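*Asks:* Output the structure for:
(chains A and B)
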2 protein chains.
Amino acid sequence: MFDSAKLPQDMDKKSFHDLEPQLREALLSAQLEAVEKKAFSIMILVDGLDGAGKGEAVARLYDWMDARHLTCNAYGDPMDEARMRPPLWRYWRDLPAKGETAIVFGSWYQQALRDRIYDKIDDAEFNHQMARIRRFEEMLANEGVLLLKFWFLLPKEDQEKRLKQIKKKNAARHVLADWATLKNHAKATDVGEQIILETSKGHAPWFVIPSQNSDYRDAAIGQTLADSIRLKLEDGQHQAVSAPAVVSGLPHRTAVDAIDLTASVSKSDYEEEREKLQQRLSDLSDTKDFAKKGMILVFQGNDAAGKGGAIRRVIRPLDPRIYRVHPISAPSDEEKARPYLWRFWRRMPARGHIAIFDRSWYERVLVERVEGYASHDDWLRAYNEINDFEAELTKFGYVVCKFWLAISAEEQLRRFKAREETVYKQHKITDDDWRNRLKWDDYAVAAGDMIDRTSTHYAPWTLVSAENKRHARLTVLRTICEKVEEAL
Amino acid sequence: MFDSAKLPQDMDKKSFHDLEPQLREALLSAQLEAVEKKAFSIMILVDGLDGAGKGEAVARLYDWMDARHLTCNAYGDPMDEARMRPPLWRYWRDLPAKGETAIVFGSWYQQALRDRIYDKIDDAEFNHQMARIRRFEEMLANEGVLLLKFWFLLPKEDQEKRLKQIKKKNAARHVLADWATLKNHAKATDVGEQIILETSKGHAPWFVIPSQNSDYRDAAIGQTLADSIRLKLEDGQHQAVSAPAVVSGLPHRTAVDAIDLTASVSKSDYEEEREKLQQRLSDLSDTKDFAKKGMILVFQGNDAAGKGGAIRRVIRPLDPRIYRVHPISAPSDEEKARPYLWRFWRRMPARGHIAIFDRSWYERVLVERVEGYASHDDWLRAYNEINDFEAELTKFGYVVCKFWLAISAEEQLRRFKAREETVYKQHKITDDDWRNRLKWDDYAVAAGDMIDRTSTHYAPWTLVSAENKRHARLTVLRTICEKVEEAL
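*Replies:* Predicted coordinates:
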């Protein structure tokens, strides 16, 4: 999840200084309008890893906003009055009035987060806690509170560096939460992803903030805040349904942008390894253990990235009775008359079988989003629906592998032209392909968001550099073998 | 929960025959319009106790509706194809196309229901399953499916009778689900209530159907179905937010209507028992165990039912340092600027203390509903919000007692007049009281719904006959003593 947010996001000093005045103006004017109209309360949750600069970011908000209508509440272990009352009491006590903004450090997520990291509670109890929180936040939103939740993300190396700096400057100043420190980095990141998956709702969205670059971090928060307040001021009852990975107006590198396209394999190496991998796959698919499971393969990628060729290399070693390839294009009438996942459920293979999807349910958040076939609300909710869908599949026992095959725009152009020039390849290139190509950037954003929001721990995406077809095919074969071996 | 639904609802043959033609007409015309427009799919879940007549009710739907567009699917233990695929697959397979109606016997609730009754899963896992189902149903609703869920309810005696009849008629015909039979009646009812609490949403409401009288049962289902289809046809995207306990157009006895108002206590018996109970309460409140808990008392009831008098008898034996009485009238400016539960959270007592509410958060679903101060959506969602709120309170350790003090309209009139005639009581009667009295029936419906929807196993309502003040006061004192003893 949130692969993009784990990438360093660059913002040089000059860009930030150019951006800052208009950002401050947008934020302050939105805040003051909310104050004047006593329109709604604003609650800002600040969570995530230590050393990511939560305190610094909030200090900047104090600079940018009208501090008379801004309160910052930090909740550590409950004391005195709060210990004598139910856990939520202290948050209720400090609930801001309409027009006021409260920043919440140490939110109602802290207890469950910590308990899960230390294995004091199991998954079921954790989910139960998330459900309680979800209902609490739903109530707040229904009562008109604008609730924004920021999760500060930092790779382990960067966290280490920052923690050292903090220690050097002043060892006593900063009291670190025990769970949020280096030692628990991996676990905290996992549980954080679960929290975000379970509790990011339109009325109470999580925004994942890459925190390596402090200017980028603060600009992302400020902009999100300004946009959200403005939207709610204009839209009355309704809040942002969107929890965009991409903050409007800020440059953003996605996980898809970061794929290294130079990887390549020589022909002879390729032949040798392909044969080995195909044999391994054949053996694996022939085991009794595999017969108790089954597999779902999903192929998505840029047009002409080589999905079909990769699929052919996968099926070659397989018994034709155990797999089926499903090319997905426009839905039939029967399919249109039902929820969009129906066409994929009906193709789910029996235990021990393999379903291969050449394009898939992900078209909902790719072509349907970009071309406007699905409404904004519809494709936004699809991320969670797809995660739920794949949770059902993996829980049942299917091995699920999802491949994004990436090529450069230049390589795509070469392949399109080659297709036009070769008679037996002409059926593979249509006007649609050229039209889609014009929207290259839109598709790139959609693909980046898709990876961020649907690369779950139970069904992660594999990003495949497909500039070199041999490299792509080997990566696909190797990944499948590894995933099946892991599962058996 | 659903106390009204447990009451026998009477409907004589003549009323039913008078009602049936218009009900059929409404249902059929709504169905055919949905068919013709291919407007949306309709899924009807049929769950609840065996012997309640689920089969009979569905047979009647076949009579009333156009059977060409109606399918009935019964799901027992999965077979063949279904066993080889994830559990939800068979429900997806049979998903009706737009315009079509499917009746689902043995829904996606069955597995968790059974597992919980047999203690194969704990509460946390059960709640996790409910969360999965909630997301599944939310997705269906977002995709436009009209999803209606009926829970058939039958008191144990009636179930026993019906099962005997069925056995007599034909032992082999009816295969009973093991969990749903007599032996597990209490447990099944409990788990059923949990299911309904957790998964009744505006977009996928549960309707609890009292099934003692088969005509009433079928009329309630038919009418709900007709109303819901009609509403969705007219309202496009939006579905009924309401899951009314009272089915429109049908007579309905509520739990409040069923309170026996003849109960009475003589003066001498009263004095003796009151003193004993007050002593017992004083002793209980003085224990170390009580100091670790605390108590929340809620008093609601008809105007002039004697809330104040009952409260005075409760506080007399208590140490004034440990309790506080909160008379609730119009909210302050500060309170109006925040979610409505804020004014109650701020009054939550420290551990070991007692908060007594003379009127309470329940005004949201009483006066605010009846007088239109809260919108339909707002008071409807309040039931669940209040249940969540009280779950937080009881989980923390407070003993929560809620009293509904009931008097007849005639007795109220006598008391109103007495207040006007007695100088030192005149402050207790206002124009508001007379105005409210004119809406006696509306308040009765609101009170009935409130009891049905907020009498949870962790914070049940105590219905108090208050026609005789002495009886009411003793009932209150006795209930408090018992609840505290239970909790210590």
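
*Asks:* which residues in the stretch 101-250 of chain A form strands?
*Replies:* With DSSP state E, counting those that start in this stretch as the criterion, the stretch 101-250 of chain A has strands at A:101-105, A:146-153, A:206-210.

*Asks:* Now render these as a markdown table, adding mean pLDDT.
*Replies:* Compiled in a markdown table, the strands of the stretch 101-250 of chain A are given as follows (pLDDT from 0 to 100):
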| stretch | mean pLDDT |
| --- | --- |
| strand A:101-105 | 94 |
| strand A:146-153 | 92 |
| strand A:206-210 | 87 |
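
*Asks:* any chance of these in a markdown table, with mean neighbour count and distance to residue B:284 too?
*Replies:* Quick note: C-beta positions are derived from backbone N, CA and C, even for glycine. What follows is those, written out as a markdown table (neighbours: other Cβ atoms under 10 Å in any protein chain shown; distance: least, Cβ to Cβ, whole Å):
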| stretch | mean neighbour count | distance to residue B:284 |
| --- | --- | --- |
| strand A:101-105 | 21 | 38 |
| strand A:146-153 | 24 | 41 |
| strand A:206-210 | 24 | 46 |
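
*Asks:* I'd like to know how many residues surround the closest residue to residue A:298 other than its chain neighbours.
*Replies:* Counting by Cβ to Cβ, 6 or more residues apart in numbering or on different chains, residue A:298 lies nearest to residue A:402, which is 4.2 Å off, once chain neighbours are set aside. Counted with other Cβ atoms under 10 Å in any protein chain shown, residues neighbouring residue A:402 total 24.

*Asks:* Wait, a strand at residue A:402?
*Replies:* Yes - remark: residue A:402 belongs to a strand, assigned using DSSP: H, G, I helix; E, B strand; the rest coil.

*Asks:* Tell me the bridge partners for it.
*Replies:* Residue A:402 has these beta-bridge partners by DSSP bridges: residue A:298, residue A:461.

*Asks:* What score does it have for pLDDT?
*Replies:* pLDDT recorded at residue A:402 is 98.

*Asks:* same question, residue A:143
*Replies:* 89.

*Asks:* same check, this time on residue A:315
*Replies:* At residue A:315, the pLDDT recorded in the model is 95.

*Asks:* burial count for it?
*Replies:* So residue A:315, with other Cβ under 10 Å, has 18 neighbours.

*Asks:* quick one: the residue nearest to residue A:298 from residue A:353, how far?
*Replies:* 18 Å (Cβ to Cβ, to the nearest Å).

*Asks:* In contact with the residue nearest to residue A:298, which residues?
*Replies:* A:297-298, A:300, A:362, A:454, A:459-462 (Cβ atoms under 8 Å, 6 or more residues apart in numbering or on different chains).

*Asks:* What's opposite residue A:357 in the beta bridge?
*Replies:* Residues in beta-bridge contact with residue A:357 (DSSP bridges): residue A:298, residue A:326.

*Asks:* just checking, it touches residue A:307?
*Replies:* No - in this structure, residue A:357 is not within contact of residue A:307 by Cβ atoms under 8 Å, at 9.8 Å.

*Asks:* which residues do these two both contact?
*Replies:* Shared contacts of residue A:357 and residue A:307 (Cβ under 8 Å, 6+ apart): residue A:299.

*Asks:* now the farthest one out in chain A, which residue is it?
*Replies:* residue A:423 (41.1 Å; Cα atoms, centre = their mean).

*Asks:* got the strands of the stretch 101-250 of chain A as a markdown table, with distance to chain B columns?
*Replies:* Below are those laid out as a markdown table (distance: least, Cβ to the nearest Cβ, whole Å):
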| stretch | distance to chain B |
| --- | --- |
| strand A:101-105 | 11 |
| strand A:146-153 | 11 |
| strand A:206-210 | 17 |
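
*Asks:* pretty sure residue A:10 is touching residue A:212, no?
*Replies:* No - between residue A:10 and residue A:212 there is no contact, the gap being 9.0 Å when judged by Cβ under 8 Å.

*Asks:* who has more neighbours, those two?
*Replies:* Ranked by neighbour count (other Cβ under 10 Å), residue A:10 and residue A:212 place residue A:212 first, with 21 against 12.

*Asks:* any idea which of the contacts of residue A:402 is closest to chain B?
*Replies:* residue A:459 (13.4 Å; Cβ to the nearest Cβ).

*Asks:* who are the neighbours in contact with the closest one?
*Replies:* Contacts of residue A:459 (Cβ under 8 Å, 6+ apart): A:387, A:390-391, A:393-394, A:400, A:402.

*Asks:* Give me the domain ranges for chain A.
*Replies:* Taking automatic domain parsing as the reference, chain A has its domains at A:3-235, A:267-487.
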